[in-house]
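> attaching a predicted model along with its sequence, questions to come.
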Amino acid sequence: MADADASPCRACGACCATYRVSFYWAEAAARGLPPDRVEKAAPLIACMAGTNTAQPRCAALDGTIGRVVRCTLYAHRPTPCREVQPGDDKCAQARARHGLPVPVVRA
Ligand code: SF4
Ligand code: SF4
């Protein structure tokens with residue numbers, strides 16, 4: 001998700017509650033992610049806590065999806081969170097899963 005004031009992500013959060021947010025394990029320490037917000041997903045692979053389930057929701061996400069949300073670890077978020085962009089395919093799939101308009105409506 002993105003975090004600028006005008007970003008549609010501020011009223012969304014769908015991608016934080018759709019995918020397993022996984023990354024190379026060493027990134028957790030390199031980004032300064034708190035250990036209690038990271039889980040082991042596979043050998044050498046970590047994921048954001050709460051995202052390795054059938055109904056994911058990142059433990060770092062505050063708020064109500066589709067209304068008002070905030071990433072409480074924004075400065076420390078791992079690569080997958082930095083790669084997804086409003087309006088791209090992963091965004092669209094996540095928003096559709098949560099019944100939100102696709103394509104994303106920009107603020
Ligand atoms: S699904 Fe799209 S609009 Fe929603 S938080 Fe993720 S990148 Fe932003
Ligand atoms: S770390 Fe932040 S941006 Fe990444 S999935 Fe969790 S709440 Fe979303």
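Ah, there it is. Residues are numbered from 1 along each chain as shown. Ligands and ions are numbered 1, 2, ... in the order given.
> the residue nearest to residue 68 when sequence neighbours are not counted: what's it in contact with?
Counting by Cβ to Cβ, 6 or more residues apart in numbering, residue 68 lies nearest to residue 11, which is 6.3 Å off, once chain neighbours are set aside. From N, CA and C alone the C-beta is placed, and that goes for glycine too. The contact partners of residue 11, by Cβ atoms under 8 Å, 6 or more residues apart in numbering, come to 66, 67, 68, 69, 107.
> which bits of the protein sit near ligand 2?
By Cβ under 6 Å from any ligand atom, the part of the chain that sits against ligand 2 consists of 1, 16, 21, 48, 58, 60, 61, 71, 73, 77, 81.
> go back to those and keep what's next to ligand 1.
Residues of the residues of the chain next to ligand 2 in contact with ligand 1 (Cβ under 6 Å from any ligand atom): residue 1.
> dump the residues of the chain next to ligand 2 to TSV, plus pLDDT, neighbour count and secondary structure.
As requested, these are exported to TSV (pLDDT from 0 to 100; neighbours: other Cβ atoms under 10 Å; DSSP: H, G, I helix; E, B strand; the rest coil):
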residue	pLDDT	neighbour count	secondary structure
1	82	25	coil
16	98	28	helix
21	98	25	coil
48	98	29	strand
58	98	26	coil
60	98	23	coil
61	98	22	strand
71	97	20	strand
73	98	19	coil
77	98	21	coil
81	98	22	helix
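> in JSON lines: the residues of the chain next to ligand 2, plus distance to residue 39.
Conversion of these to JSON lines gives the following (distance: Cβ to Cβ, whole Å):
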{"residue": "1", "distance to residue 39": "19"}
{"residue": "16", "distance to residue 39": "15"}
{"residue": "21", "distance to residue 39": "10"}
{"residue": "48", "distance to residue 39": "8"}
{"residue": "58", "distance to residue 39": "11"}
{"residue": "60", "distance to residue 39": "12"}
{"residue": "61", "distance to residue 39": "15"}
{"residue": "71", "distance to residue 39": "17"}
{"residue": "73", "distance to residue 39": "14"}
{"residue": "77", "distance to residue 39": "15"}
{"residue": "81", "distance to residue 39": "15"}
